[in-house]
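Q: Quick one, fold the following:
(2 chains)
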Amino acid sequence: MKHAQFMTRLCCLTALLCSSMIGGMAASGHAADQKNIILATTTSTQDSGLLDVLIPLFEKKTGFMVKTIAVGSGQAMAMGERGEADALLVHSPDAEKKFMEKGFGSSRMIVMHNDFVIVGPAADPAKIKGVKSAPEAFKNIAETQSLFMSRGDNSGTHAKEKAIWKASGAACAGQKWYQETGLGMGQTLGVAAEKKGYTLADRGTYLSLKNKLGLEILCEGDKSLLNVYHVMAVNPDKWPKVNTAGAKAFADFMVSQQAQTVIKEFGVERFGQPLFFPDAGKKE
Amino acid sequence: MDLIVEGIWKALLLLFTLDPEVLSITLLSLAVSGAATLISLVLGVSLGFAIALTEFRGKKFVISTINTGMGLPPVVVGLFVSIFLWRNGPFGFLGILYTPLAMVIAQTIIAAPLVMGITVAAIQHLPRNLRYQILALGATRLQMMRLLVREARLPLLAAVMAGFGGVISEVGASIMVGGNIKGYTRVLTTATVMETSRGNFDIAIALGIILLALCFIINAVLTYVQQRERPR
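A: Model (predicted):
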């Protein structure tokens, strides 16, 4: 049928046009591949605004273009295991050690730390204000069956939270008062504020949202609440397409004097206290 | 309530001072969604025409597939497209993940079935004899297509507006295949999600208002074209 012929030709022409457009753009993108670094990092580093300062400095210094993909530490390491990221900036030490043991990372260096805090409503139904030990605070929350919001997303914060629950000996999985949002830190804090529940948050994100929340810091300073960030370069042996030069340049930059100074001073203007403490070269 | 008022003020402020970051985010949203809608228009109308006007076995099955495509969850599209575009995936050699091009591709996949499905229905709705009448008067195939498009102008423009509205407002696929990279793949919707999670509710609301205003302006223009009376 002439009609069908005409239509088919039209469709083929459109398809040809589209694929040549894609091919053309992709070809120009391919050449730029070695200048691109995919950095998989946590939502807390992006939400705090620290990377908005550090990345442009790095890009200007080295000429690499950094594609910052902010997901949870769990997803970031999964991307690293699949070779879909070149460098990782995460804060989930146990998972990171497993990552290195399995040979997915070629280097791991400590960058900075801050701490987690347990926040909750001012009324404090579980009476954890002033409790020094984080596992004990969690135990109180479990015993009073007070509402607790968990990230539930395999992020570094979630991993730390699970570790504290384990140390407390209290059962939380499947309990009615224990609710998992599967959301980022900012959003989880928002849910906790609305429902007047407790949650574990990194100090940085909490500080940036403090005025809008109405939650208070009820437990802090315990050693188990330490939050350490490491930078890892993905091992090219398993995935040859990894940008090794770029990853190494980024990792070296994060522990360099320049970056460490930026980290030390970040947040002081806005919050009166630094959000992160530089740690490069220190022992774990 | 005061948050929303704050947001409106912030939106006006950002627009009047032509804040460079907001401007670039807005232009990128327009460019990406505009490109996706345009490609969907070409693909959707040509394929929709072909399917509507030809009789073939399995026609009803094909049309139901297209109609199902109209309801494709954008986040699922995003997931599948990123799996295909991953560095170590089948199309990884193209190196287009986390680029605006990837976002255009994902949004085209979301919008094309919409445009196609409505086009099929619109063309099928035209009186059967109209086509033969046009051809009998000596029109070429191309002229016939042009005339049918003019006849079906109302539903076809509705298809374009549906397609555009669907993709400029979607966020799941854009985050997954774009990565929300500052100054590169950040669009209005992904920026709104990020500012919300940072606690900058005023900026988030402002971006939302800008997005709504953008949609309204574009749809207003398209509606005027759609509702224009034919010259007598």
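Q: Near chain A, which residues of chain B are found?
A: B:39, B:42-43, B:46-47, B:49-50, B:53-54, B:56, B:86-88, B:92-96, B:98-99, B:101, B:105, B:141, B:179-182, B:184, B:194, B:196-199, B:201 (Cβ under 8 Å from any Cβ of the partner chain). Quick note: C-beta positions are derived from backbone N, CA and C, even for glycine.
Q: Quick one: buried ones out of the residues you listed?
A: For the residues of chain B next to chain A, a burial check counting by 16 or more other Cβ atoms under 10 Å in any protein chain shown picks out B:39, B:42-43, B:46-47, B:49-50, B:53, B:86-87, B:92, B:94-96, B:98-99, B:101, B:105, B:179-182, B:184, B:194, B:196-199, B:201.
Q: In helices only, show me these.
A: B:39, B:42-43, B:46-47, B:49-50, B:53, B:101, B:105, B:194, B:196-198, B:201 (DSSP state H).
Q: of those residues, closest to residue B:155?
A: Proximity of these to residue B:155 (Cβ to Cβ) peaks at residue B:49, which lies at 12.9 Å.
Q: Let's check: the centremost residue of chain B is which one?
A: By Cα atoms, centre = their mean, chain B has its centre lying nearest to residue B:164, at 3.0 Å.
Q: Now for it, which secondary structure element holds it?
A: Following DSSP states H and E, one finds residue B:164 within helix B:153-168.
Q: chain center to that helix: distance?
A: Helix B:153-168 sits 7 Å away from the centroid of its parent chain (Cα atoms, centre = their mean, to the nearest Å).
Q: what comes into contact with the helix or strand bottoming out on mean pLDDT in chain B?
A: Sorting the helices and strands of chain B by mean pLDDT, DSSP states H and E puts helix B:2-16 at the bottom, at a mean of 82. With contact meaning Cβ atoms under 8 Å, 6 or more residues apart in numbering or on different chains, helix B:2-16 is reached by B:19, B:22, B:201-210, B:213.
Q: Looking at the residues you listed, state which has the most neighbours.
A: residue B:207 (29 neighbours; other Cβ atoms under 10 Å in any protein chain shown).
Q: my read: it touches residue B:22, true?
A: Yes: counting by Cβ atoms under 8 Å, residue B:207 touches residue B:22, with 7.3 Å between them.
Q: Can you pull the residues that touch both of the two?
A: Joint contacts of residue B:207 and residue B:22 (Cβ under 8 Å, 6+ apart) do not exist.
Q: can you give me the strands in chain B?
A: In chain B, no strands are found when defined by DSSP state E.
Q: need the strands for chain A, in chain order.
A: A:36-41, A:65-70, A:87-90, A:105-121, A:148-150, A:178-180, A:198-202, A:215-219, A:226-234, A:277-278.
Q: one step back: go through the contacts of helix B:2-16 and name the one nearest chain A.
A: residue B:201 (6.7 Å; Cβ to the nearest Cβ).
Q: okay, now the residue nearest to the closest one when sequence neighbours are not counted: neighbour count?
A: In this structure, residue B:201 finds its nearest non-sequential neighbour in residue B:3, 5.6 Å apart by Cβ to Cβ, 6 or more residues apart in numbering or on different chains. Neighbours of residue B:3 under the rule other Cβ under 10 Å: 12.
Q: which phi and psi does residue B:186 have?
A: Backbone torsions of residue B:186, given as degrees, to the nearest 10, read phi -90, psi 120.
Q: pLDDT below threshold where in chain A?
A: A:1-8, A:10-11, A:14, A:18, A:21-33, A:284 (pLDDT under 70).
Q: Out of the strands of chain A, the one nearest chain B is which?
A: strand A:65-70 (4.7 Å).
Q: show me what contacts the residue lying closest to residue B:37 once chain neighbours are set aside?
A: Residue nearest to residue B:37 in three dimensions, not counting chain neighbours: residue B:164, with 4.4 Å by Cβ to Cβ, 6+ apart. Counting by Cβ under 8 Å, 6+ apart, residue B:164 makes contact with B:33-34, B:37, B:111, B:218-219, B:222.
Q: now that we have the residues you listed, which one has the most neighbours?
A: Highest count within these by other Cβ under 10 Å belongs to residue B:111, 32 neighbours.
Q: Surely it is in contact with residue B:38?
A: No: contact criterion Cβ under 8 Å: residue B:111 and residue B:38 do not qualify, at 9.7 Å.
Q: how much space is there between the nearest residue in space to residue B:199 that is not next to it in sequence and residue A:199?
A: Once flanking residues are discounted, residue B:199 sits nearest to residue A:209: 3.7 Å by Cβ to Cβ, 6+ apart. According to Cβ to Cβ, to the nearest Å, residue A:209 and residue A:199 sit 12 Å apart.
Q: list the residues that contact both of these two?
A: Between them, residue A:209 and residue A:199 share the contacting residues residue A:189, judged by Cβ under 8 Å, 6+ apart.
Q: Would you mind telling me which of those two has the busier surroundings?
A: Legend: neighbour count by other Cβ under 10 Å for residue A:209 and residue A:199, higher for residue A:199 (26 against 23).
Q: The more buried one contacts residue A:192, doesn't it?
A: Yes: using Cβ under 8 Å, residue A:199 is in contact with residue A:192, at 4.2 Å.
Q: Quick check: neighbours shared by these two?
A: Common neighbours of residue A:199 and residue A:192 (Cβ under 8 Å, 6+ apart) are A:119-120, A:149, A:215.
Q: now those as a markdown table including distance to chain B and neighbour count?
A: Formatted as a markdown table, these follow (distance: Cβ to the nearest Cβ, whole Å; neighbours: other Cβ atoms under 10 Å in any protein chain shown):
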| residue | distance to chain B | neighbour count |
| --- | --- | --- |
| A:119 | 14 | 25 |
| A:120 | 18 | 28 |
| A:149 | 15 | 27 |
| A:215 | 12 | 23 |
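Q: Measure how far stretch A:174-191 is from the centre of its chain, please.
A: With Cα atoms, centre = their mean, you get 16 Å for stretch A:174-191.
Q: Now do that stretch: distance from first to last residue.
A: In stretch A:174-191, first residue to last residue: 19 Å (Cα to Cα, to the nearest Å).
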